[in-house]
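Peer 1: Any chance you can model this:
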Amino acid sequence: MRLQFLGSGDAFGSGGRFNTCFHLERAEHGNVLVDCGASSMVAIRKWGVEPNGISTVLVSHLHGDHFAGLPFFLLDAQLVSRRTAPLLLAGPPGFEERLMVVMEAMFAGSTKSTRKFDLQIRELALHERIEANGLAVTPYLMKHFSGAPSYALRIETEGKVLTYSGDTEWVDELIPAGRGADLFICEAYFFDKVMKYHIDYSTLARRLPEIGAKRTIVTHMSAELLARQSEIALEAAHDGMVVEF
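Peer 2: Predicted coordinates for the structure are as follows:
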């Protein structure tokens with residue numbers, strides 16, 4: 001399985017990085033985007049990803065640096081990439097309504113445009129495992145205010161398990177979400193400063209044995225943590241990074 005970090009940054013462009021967006025390549029059923037932050041269409045072009053090869057977009061939570069690239073992605077599909085293949089978008093409760101609001105705010109009339117591809121929007125219920133497009137995804141509740149539930153996503157596909165924390169302070173739900181995962185991608189915002197809604201590297205490193213993931217990569221780092229990367233023992237994501245798992 002091949003995953004590329006198209007964007008590994010936070011909401012503020014720390015380190016000159018793109019907003020969160022991961023591209024998961026699969027042998028069948030099309031590729032997957034995990035989150036699609038506001039800068040994701042730029043990142044897709046930069047790293048040479050074919051938008052029409054993406055069959056599924058999974059969204060962890062409804063903050064702009066995690067889902068506000070979708071209006072651009074959908075307009076590109078309609079006007080530039082000339083998409084004809086079906087597209088599935090899945091996110092937390094409230095996802096469809098929030099997406100429509102953002103699309104209309106950014107590109108008035110875009111929600112009513114006729115498309116030449118089938119667009120399906122699904123909202124993920126807590127702990128409910130759904131299967132679609134050759135993958136299964138189970139959401140776990142995180143602690144991160146976004147006006148809707150914020151999720152960690154446990155994704156099963158082609159015999160592998162990928163867990164992504166989304167944004168959150170430490171919660172025990174991370175343990176079943178990431179248990180035994182082949183790859184656990186987790187935000188680590190500060191080095192050891194404990195704050196609401198975001199996990200720090202030191203807390204994550206201390207709790208990782210309870211999760212037991214086979215491989216862990218940290219992402220969504222603040223400028224403070226980026227400046228201290230030499231002090232951390234875990235793998236750290238960067239834009240364009242490719243991992244095989």
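Peer 1: Restrict stretch 184-193 to CA atoms and write it as CSV.
Peer 2: Taking C-alpha atoms only, stretch 184-193 is exported to CSV below (Å, rounded to 0.1, in the frame of the first residue of the first chain):
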residue,chain,number,x,y,z
PHE,A,184,-1.1,5.1,12.6
ILE,A,185,-1.0,8.8,11.5
CYS,A,186,-1.5,11.1,14.5
GLU,A,187,-1.3,14.8,15.0
ALA,A,188,1.3,16.1,17.3
TYR,A,189,1.0,19.9,17.7
PHE,A,190,3.4,21.0,20.4
PHE,A,191,6.4,19.2,21.9
ASP,A,192,5.2,18.9,25.5
LYS,A,193,2.7,21.8,26.0
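Peer 1: What are the buried residues along that stretch?
Peer 2: Within stretch 184-193, the residues that count as buried by 16 or more other Cβ atoms under 10 Å are F184, I185, C186, E187, A188, Y189, F190, F191. Any C-beta I mention is one placed from the backbone N, CA and C, and that applies to glycine too.
Peer 1: from memory the last one sits against D200, does it?
Peer 2: What it means is F191. Yes: at 6.4 Å, F191 counts as touching D200 under the criterion of Cβ atoms under 8 Å.
Peer 1: how about the strands of this protein, start to end?
Peer 2: When assigned using DSSP state E, the strands of the chain occupy the ranges 2-7, 21-25, 31-34, 54-58, 87-91, 119-123, 130-132, 135-141, 151-157, 160-164, 183-187, 216-219, 235-236, 242-244.
Peer 1: Sheet partners, orientation included, of the second one?
Peer 2: The reference is to strand 21-25. In the sheet containing strand 21-25, its partner strands are strand 2-7 (antiparallel), strand 31-34 (antiparallel), by DSSP bridges.
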